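The following block contains a protein sequence and its predicted model.
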Amino acid sequence: MKRRLLLIPILMGMAWLADRTSLPLKAAQHAWEVAEEQPKPTSKGKDEGGNDETRIKERDLKEPNNVGRVDLNEKKIKNANLEVEIAGPARIKATLQLYGKIALNEDNVANVTPRYPGVVKAVYKRLGDHVSKGEALALVESNDSLRSYQLFSEISGAIIRKEVAVGEVARDDKAIFTVADLSTVWVNLSVFPQDFTRLKEGQVVEIDYGGNSVTKGTITYIAPIGSENTQSLVARAVVQNPDGLLRPGLFVTAEIQTGEIDAPVAVRPAAIQIVSEKTVVFVADGTAFEARQVNLGSRDDNYVEVVSGLSAGDPYVAGNSFLLKAELGKGQGSD
C-alpha cells in the first residue's frame, strides 16, 4: 500500500513534465500550418491573371520555335511592299549536285601523221590556228623518193598540238599535228557510290562554268567500272560549245534532275532568312510578323520544302522578308 502511495506523486510529476515539453512542439506545428495557408507571393508583384512570366511561358508552349516578332503599322507594311503567300504543298525537282572537268570530245579529234618518213620543208600552220578539212598543214620531202608531199587536216577544227619544225625529220609512226573540233566537248562528272542508282543515260545536266555561265547537255555514257583511287565513276555529258567558252581542262559544277518530290509544305526561296544563326520564315499575323524557326528539306529554283516549323495554310512573307529581318535586328540591338 505504501509503495502505491509513493508511485502516485511520481506519475503525476512525469505527466506534468510531458505536458510542458509538448507546448513548443504544438506551437511550431500551428505556425507551419498557418504559413501553409497563406497565399504565395507572385513574381514581379503581378496577380495570377496578369502574370507576365505566365503569359510568356504559355506563348512559348504554343510556339516553341518562335525566334522573334516584328510589329509594324500599316504605313510601314505598305512601304515595305511585303509579299504574303500561303504555305502549302508543292512539287519540287529532286537534283543531284556533281563536280566535273571539261575534256576534248575524242570522237572529234584527228592526229596528222606523215605517210613516209622525211625532212620537213615547210610548216604552214601554228598552234591554235583554226583549219578546215583538207587544208594543208606542212610539206615533207620523202627520204626514199626525195619527192615532197603535203600533210592535210582530216577534219575542221583547231590545232591543239604541234610537234614539228622546218628541217626536222618526220617519222611515219608519230603524229606531228593534232586537230580538235571544239564545237562540242565532253564534261566528265565524278559520281560517288551513294548516287550511282540515281543516274541513267539520257538525263539532262545543267553545267555551270565560270560562276555565271550555264549550259545544258545530256548524259551519254556511264562508266561500267570505277576509279580505285577516287572510289567514284565517270558520267559523261556531250555539250555544245559554239562560242568556245568551254575549254578542255577546266573544272565545272553540274546539276542533274533525277526526279520530283511532292512536299506537303513548301515556301518560296526568298522567304528563308537567317536570324541569330537560326533558319526562319516570317509568319504573318495581321500587322505582326513572327520569325518562326524551320527545318528545311529539298529545294529547287521555285520552292523549298519545310520539314517542320510551319504548317500548311500558314500565311508567310514570300518577298522582301529581308526587311523584316533588318527590323528585327534593330529591336534586338536596343534590348
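Perfect, I can see it now.

For residue 326, pull up the helix or strand it's in.
Using DSSP states H and E, the element containing residue 326 is helix 321-334.

What's the first helix or strand after the helix-or-strand element of the chain with minimal mean pLDDT?
Within the chain, no helix or strand scores below helix 52-62, which has a mean of 40 by mean pLDDT, DSSP states H and E. Sequence order places strand 66-71 as the next helix or strand after helix 52-62, per DSSP H and E.

Paired strands for that next one, with orientation please.
Strand 66-71 sits in its sheet next to strand 288-293 (antiparallel), going by DSSP bridges.

what about the following helix or strand past the partner strand, average pLDDT?
Note on strand 288-293: by DSSP H and E, the next helix or strand toward the C-terminus is strand 295-299. Averaging pLDDT along strand 295-299 gives 93.

ok, and what's touching strand 295-299?
Defining contact as Cβ atoms under 8 Å, 6 or more residues apart in numbering, one finds that strand 295-299 is touched by 92, 94, 261, 263, 269, 272, 279, 304-309. (Glycine included, C-beta is placed from N, CA and C.)

so what strands line up beside it?
Counting by DSSP bridges, strand 295-299 is paired with strand 304-308 (antiparallel).

Quick one: mean pLDDT over the partner strand.
Average pLDDT, strand 304-308: 96.

again with stretch 99-117
Averaged over stretch 99-117, pLDDT sits at 96.

returning to that earlier point: what is the helix holding residue 326 packed up against?
For helix 321-334, the elements it packs on are strand 66-71, strand 273-275, strand 278-285, strand 288-293, judged by 3 or more Cβ pairs under 8 Å, 6 or more residues apart in numbering; DSSP states H and E.

Restrict that helix to CA atoms and write it as PDB.
Taking C-alpha atoms only, helix 321-334 is exported to PDB below (Å, rounded to 0.1, in the frame of the first residue of the first chain):
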ATOM      1  CA  SER A 321      11.300  39.300 -96.000                       C
ATOM      2  CA  PHE A 322      14.900  40.700 -95.500                       C
ATOM      3  CA  LEU A 323      13.300  44.000 -94.500                       C
ATOM      4  CA  LEU A 324      11.700  42.200 -91.500                       C
ATOM      5  CA  LYS A 325      15.000  40.600 -90.600                       C
ATOM      6  CA  ALA A 326      16.600  44.100 -90.500                       C
ATOM      7  CA  GLU A 327      13.700  45.400 -88.400                       C
ATOM      8  CA  LEU A 328      14.000  42.500 -86.000                       C
ATOM      9  CA  GLY A 329      17.700  43.200 -85.700                       C
ATOM     10  CA  LYS A 330      17.000  46.800 -84.700                       C
ATOM     11  CA  GLY A 331      14.700  45.600 -81.900                       C
ATOM     12  CA  GLN A 332      17.200  43.100 -80.600                       C
ATOM     13  CA  GLY A 333      20.000  45.600 -80.700                       C
ATOM     14  CA  SER A 334      18.100  48.000 -78.500                       C
END
